[in-house]
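Student: okay, sequence plus prediction incoming.
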Amino acid sequence: MDLVVELGVLFADPDQGPFCLLIIDSITALFRTDFSGLGELSERQQRLNQHLVRLVRHAEEFNIAVLVVNQVMADPGANATFGQISKPVGGHVMSHGVHTRVLMQKGRAENRICKIIDSPCMPEAECSIQLCTGGITDADE
């Protein structure tokens, strides 16, 4: 959490910017490590929520995009015939703390399938991309 506070100071410093994108990889990983088990679930979710709220404030105040990467886990209660058999880690806090949710799945070779699964301003859709050393390109079909 201290790092997110420090980011606000960094973003506000005109000598350091301008900034337009913040990427956080595996946002729930440290929360899952620091707060394990059902006994600490409530505190973990509260801390995760505080973290997400601060990131939203930074995005609005400094006009930056925030990309948060999250883990998924198997959903034993899901029925494979009705779609997803995995769900994002972080529960309702993550689902309400982000604006648009995109699921990225492995395709063939270096291809990935990106699906918009929840967005207030965009319909559900999907596309194929390819990850390469130069960045992201259209997928080889």
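Tutor: Right, received. Where do you want to start? Numbers count the residues shown, from 1 in each chain.

Student: now the closest residue to I27 other than its chain neighbours: how far from M122?
Tutor: Spatially, and ignoring its direct neighbours in sequence, I27 is nearest to V68 (4.9 Å; Cβ to Cβ, 6 or more residues apart in numbering). C-beta: built from backbone N, CA, C; applies to glycine. For V68, the distance to M122 under the criterion Cβ to Cβ, to the nearest Å works out to 17 Å.

Student: what comes up buried for stretch 125-141?
Tutor: Across stretch 125-141, burial judged by 16 or more other Cβ atoms under 10 Å covers I129, Q130, A139.

Student: same check, this time on stretch 55-68
Tutor: For stretch 55-68, a neighbour-count test (16+ other Cβ under 10 Å) marks L55, H58, F62, I64, V66, V68 as buried.

Student: tell me the two of the residues you listed that are most distant?
Tutor: Spanning the widest gap among the buried residues of stretch 55-68 are F62 and V68, at 15.9 Å by Cβ to Cβ.

Student: what confidence value was assigned to L22?
Tutor: The model reports L22 with a pLDDT of 90.
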